[in-house]
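**Q** Predicted model and sequence below, questions to follow.
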Amino acid sequence: MTRLVAQPIKKLWTGTLVPLMALGLLVSPAVMADVGSRIWATGGVTTIEGSAGGGLVPWAMLGSYASDEEWGGTLALSRAEVDDYSLAVTGAGLNWNNRVEVTIARQTLDLDSLVFTLKNGFGLEQDELNQDIFGVKVRLAGDVLYSPWGQWSAGVQHKRQRDFTVPNAIGARDDNGTDVYFSGSKVFFAAVFGRNLLVNGTLRGTRANQGGLLGFGGDLNNGYEIMAEAGVGVFINRQWLVGAEYRQKPDNLSFAREDDWWDMFIAWVPDRRLAVTAAFVNLGEIATLEDQQGIYLSLQGSF
Amino acid sequence: MGLRITKTTIAALLITTGLVLGGCQSLQHEPDNRLYMQLGERSGIADVVEDLLYLIVADERINHQFKGMNVAQFHRNLTDQLCELSGGPCTYTGREMRELHADMGVTATQFNALAENLILAMEKNRIPTAAQNQLIKRLLPMYPDIRHL
């Protein structure tokens, strides 16, 4: 009974009220301090894993607008609603001198329809999975706008399951894991009908099942594999970026197939303090439930 | 099935982008003054540079770098430089960029601040987005000289 009442209220809280309050804070003149000097939208937005990038793929750019003599920070709230799941992400990041980005994110996956599968098949009573992600990304060389060879960064994402019961039951080996990635990003000026084109490529070494939400390693494969990820976007102007992302995924569990992810996004960056991202996401099969498609929304504030 | 749609969609998108890119680049080979015209010729460029100067003076991040400069000469030189870069009938007669910035120690923050002010000045003068991007693209080779990299 408590759960029946608490759940919708919690959804409303995390889904609507918190973002509205955050938006209110962001646009209030009280926090109109300096927001860093990098050019608009070059901080990307906050991915579902907290690192700066698009929605699903980390890019080589570091979050916020801190340039080489500045500090910067970001706060983000994101939500993905696909057919049988919903994912909520709260993320925060700090950027020192556009050299090092430190991020933290909490993911909450509401299992919705999978609750019955788990109860009948495994005797498990669980309606959500939680994971914390601690990230560090270092800009190794270059500048995404000004260097002919683009910007290159390397990063790690250390992920810790908060409830390992379900991943354990379906065959995951570990409740924590560390992804390592290498990214290159470059903006080509006046490349598409006079518009600027952003291209990003990322290679990730990972053991994570569904990004870690279903644990790390499994019966089919328990070692690190290299996955390719990519993102392209076109700046319609300096406030609007439209593009797509692709993320290759491992397939470690015999319990259910794991598919690659992709999305098509549109981001609105009215000024440096605020970024709003909407996307169509296709997450493929997740824990036996096929063809998970839906909408992704993300709100990011920079300071 | 879902996987197939995935890869086809992305491949189609990447190929389209590639074609569009290739198409645009092949159009750019003819030498022309289209950008110069889009910027409003020399007088339009002079207006942008004037607004840029106002923004620089008000910008605490970079105004100290411009202290003691001859404003009229700076305005004329930068206008000529942008005019020439955009395909207009001007000749930049100022000093070479690397030599000019040798002792300034321009940081990335300061370079970004100037780039931001240039974009704002172009926006104020209603320069179309494509023309803004074209001009910045032609200015990019100066980045290592200005930053002294």
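**A** Perfect, I can see it now.

**Q** Could you tell me the end-to-end distance of stretch A:72-90?
**A** Taking C-alpha to C-alpha, to the nearest Å as the measure, stretch A:72-90 stretches 18 Å from start to finish.

**Q** per-residue confidence at residue 11?
**A** No chain in the question, so chain A it is. If you check residue A:11, the pLDDT there is 52.

**Q** Wait, chain B was what I had in mind.
**A** 61.

**Q** likewise residue A:126?
**A** We note a pLDDT of 86 for residue A:126 in this prediction.

**Q** what's near enough to touch it?
**A** By C-beta atoms under 8 Å, 6 or more residues apart in numbering or on different chains, residue A:126 lies in contact with A:111, A:115, A:118, A:163, A:165-166. Heads up, the C-betas are built off the backbone N, CA and C, glycines and all.

**Q** Next up, the contacts around the residue lying closest to residue B:119 once chain neighbours are set aside.
**A** Leaving aside its chain neighbours, residue B:119 sits nearest to residue B:132 (6.4 Å; criterion: C-beta to C-beta, 6 or more residues apart in numbering or on different chains). Residue B:132 makes contacts with B:119, B:122-123, as judged by C-beta under 8 Å, 6+ apart.

**Q** Which ones among these map onto helices?
**A** B:119, B:122-123 (DSSP state H).

**Q** Any residues of the stretch 201-303 of chain A in contact with chain B? List them.
**A** A:230, A:232, A:236-238, A:244, A:246, A:259-260, A:262, A:282, A:284-285, A:290-291 (C-beta under 8 Å from any C-beta of the partner chain).

**Q** Please report the number of neighbouring residues for residue A:102.
**A** When neighbours are defined as other C-beta atoms under 10 Å in any protein chain shown, residue A:102 has 18 of them.

**Q** again with the one 10 residues further on
**A** Residue A:112 sits with 16 neighbouring residues when counted by other C-beta under 10 Å.

**Q** What residues does it make contact with?
**A** Taking C-beta under 8 Å, 6+ apart, one finds A:84-86, A:127 in contact with residue A:112.

**Q** Out of the residues you listed, grab the one that's most surrounded.
**A** residue A:85 (23 neighbours).

**Q** For that one, grab phi and psi.
**A** phi -140, psi 160 (degrees, to the nearest 10).

**Q** Would you agree it is in contact with residue A:288?
**A** No - assessed by C-beta atoms under 8 Å, residue A:85 is found out of contact with residue A:288, at 11.9 Å.

**Q** who touches both of the two?
**A** Common neighbours of residue A:85 and residue A:288, using C-beta under 8 Å, 6+ apart, are residue A:114.

**Q** where exactly do the strands run in the chain?
**A** Using chain A here. A:45-46, A:52-53, A:71-82, A:86-96, A:100-110, A:128-141, A:151-161, A:176-192, A:195-206, A:225-237, A:240-247, A:261-271, A:274-286, A:289-302 (DSSP state E).

**Q** Redo the ones you listed as a markdown table? Include distance to residue B:74.
**A** Shown next, in a markdown table, are the strands of chain A (distance: least, C-beta to C-beta, whole Å):
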| stretch | distance to residue B:74 |
| --- | --- |
| strand A:45-46 | 38 |
| strand A:52-53 | 36 |
| strand A:71-82 | 31 |
| strand A:86-96 | 33 |
| strand A:100-110 | 36 |
| strand A:128-141 | 32 |
| strand A:151-161 | 31 |
| strand A:176-192 | 25 |
| strand A:195-206 | 28 |
| strand A:225-237 | 29 |
| strand A:240-247 | 34 |
| strand A:261-271 | 29 |
| strand A:274-286 | 35 |
| strand A:289-302 | 33 |
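
**Q** List the contacts of the closest residue to chain A within chain B.
**A** Per C-beta to the nearest C-beta, residue B:130 is where chain B lies closest to chain A, at 2.5 Å. Applying C-beta under 8 Å, 6+ apart to residue B:130 gives the contacts A:190, A:193-195, B:38.
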